[in-house]
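Student: fold the stuff below for me.
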Amino acid sequence: MSAMRTCPIPGCGAGLRSGHLMCLRHWRMVPQPKQREVNRTWRYLRKVGTRKSIVEYEASVKAAIDAIAAEVERSLP
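Tutor: Take a look at the predicted model:
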């Protein structure tokens with residue numbers, strides 16, 4: 001049995017189901033263009049599986065996580 005992954009947003013800790021990037025609460029905070037980019041690069045990665053597709057997917061994931069992490073940090077007291 002594999003270890004349960006958690007939402008990568010600082011302070012969240014919500015458990016993630018397989019195939020989910022972050023918890024639903026935080027995913028809904030990701031701007032639509034970034035959501036579309038994550039989904040587009042994921043489909044491209046699954047289709048071609050090249051080094052370029054991996055790099056593009058990882059960059060889109062990082063951008064989505066960074067955008068929400070920064071927003072969450074700004075809202076902390």
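
Student: just the helices in the chain please.
Tutor: All helices of the chain, identified by DSSP state H, fall at 24-27, 32-48, 51-75.

Student: which intervals of the protein have sub-threshold pLDDT?
Tutor: Counting by pLDDT under 70, the chain shows low-confidence ranges at 1-3.

Student: can you rerun that using 80?
Tutor: Across the chain, the ranges flagged by pLDDT under 80 are 1-3, 76-77.

Student: is it correct that A14 is in contact with R25?
Tutor: Yes. With contact defined as Cβ atoms under 8 Å, A14 reaches R25; the gap is 7.4 Å. No exception for glycine: its C-beta is placed from N, CA and C like everyone else's.

Student: next, show the common contact partners of those two.
Tutor: Jointly contacting A14 and R25 under the rule Cβ atoms under 8 Å, 6 or more residues apart in numbering is no residue at all.

Student: about what we covered before: how about the helices of the chain in TSV, adding mean neighbour count?
Tutor: Converted to TSV, those look like this (neighbours: other Cβ atoms under 10 Å):
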stretch	mean neighbour count
helix 24-27	15
helix 32-48	14
helix 51-75	14
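
Student: would you turn those helices into JSON lines with distance to P8?
Tutor: Formatted as JSON lines, the helices of the chain follow (distance: least, Cβ to Cβ, whole Å):
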{"stretch": "helix 24-27", "distance to P8": "9"}
{"stretch": "helix 32-48", "distance to P8": "13"}
{"stretch": "helix 51-75", "distance to P8": "5"}
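
Student: what sits against V38?
Tutor: L21, V30, Y57, S60, V61, A64.

Student: surely the fourth one touches E37?
Tutor: Yes. The pair S60 / E37 is scored as a contact, 4.5 Å apart, by Cβ under 8 Å.

Student: M29 reaches A69, doesn't it?
Tutor: No. Using Cβ under 8 Å, M29 is not in contact with A69; the gap is 10.3 Å.

Student: what is the nearest of the contacts of V38 to S75?
Tutor: Minimum separation from S75 among those (Cβ to Cβ) is found for V30, which lies at 15.3 Å.
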